[in-house]
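structure for this input, please:
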Amino acid sequence: VAPSPRVMENTVFMSFAFYSTILILKMYVVAIITGQVRLRKKAFANPEDALRNGGLQYYREDPDVERAHRNDMENIFPFLFLGAVYSLLDPSPAVARIHFFIFCVGRIVHTIAYLLGLKAPTRSVAYSVAQLPCFSMALQIL
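Down below sits the predicted model:
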């Protein structure tokens, strides 16, 4: 189904859709990596998978398995809401694009820092940088 011409004319929303899609694809990649780490570490989220992979003793949590994926959900889902509402407020397309870009890059760097175990403060700086456009959008929405 093709988007309506009116949606296609909203350059802010189109920019939001682009960066949101990049972030969702990144979340899928992290989910695949999470599954691979679960298999390697034998730490499964449900008993069925544990039984299929060695027994109920592997129905357990591992701090390395869930961290990046859970962190994405805690941060990207609010961005999706804020960005969508912000897009409706007719902000400057250039300013909106900067908001979306900074958040997207911050989250990608944050994930890379998680996955590669980069030294502090890389991950916390990436997190903080990504939060700035979210706070800005939230304040403008209010």
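
distance of Thr21 from Met27?
Using CB to CB, to the nearest Å, Thr21 is found at 11 Å from Met27. The C-beta positions use only the backbone N, C-alpha and C, and glycine is treated the same way.

no wait, Val95
Going from Val95 to Met27 by CB to CB gives 25 Å.

and the longest helix for this protein?
Scanning the chain for the helix with the most residues, using DSSP state H, yields helix 11-41.

tell me the gap between it and the middle of its chain.
Distance of helix 11-41 from the chain centroid (CA atoms, centre = their mean, to the nearest Å) equals 6 Å.

helix or strand right after it?
Downstream of helix 11-41, the first helix or strand assigned by DSSP states H and E is helix 47-52.

what's the mean pLDDT across the helix or strand just after that next one?
Next helix or strand after helix 47-52 toward the C-terminus (DSSP H and E): helix 63-87. The pLDDT scores in helix 63-87 average 89.

relative to helix 11-41, how tilted is helix 63-87?
170 degrees (axes from the mean of the first three to the mean of the last three CA atoms, to 10 degrees).

list the buried residues in helix 63-87.
Neighbour-count burial for helix 63-87 flags 64-69, 71-72, 75-76, 79, 82-83, 86-87 (criterion: 16 or more other CB atoms under 10 Å).

do stretch 25-33 as well
Neighbour-count burial for stretch 25-33 flags Lys26, Met27, Val30, Ile33 (criterion: 16+ other CB under 10 Å).

what sits up against it?
Under the contact criterion CB atoms under 8 Å, 6 or more residues apart in numbering, stretch 25-33 has outside partners Ala68, His69, Asp72, Met73, Ile76, Arg107, Ile108, Thr111, Leu115.

spit out the contact partners of the first one.
What it means is Ala68. Contacts of Ala68 (CB under 8 Å, 6+ apart): Val30, Ile33, Thr34, Thr111, Tyr114, Leu115.

now, which of the contacts of stretch 25-33 sits nearest Ala43?
Ala43 lies nearest to His69 out of those, by CB to CB, at 12.8 Å.

could the contacts of stretch 25-33 be laid out in TSV, adding distance to Leu139?
Formatted as TSV, these follow (distance: CB to CB, whole Å):
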residue	distance to Leu139
Ala68	28
His69	29
Asp72	23
Met73	23
Ile76	19
Arg107	20
Ile108	24
Thr111	26
Leu115	32
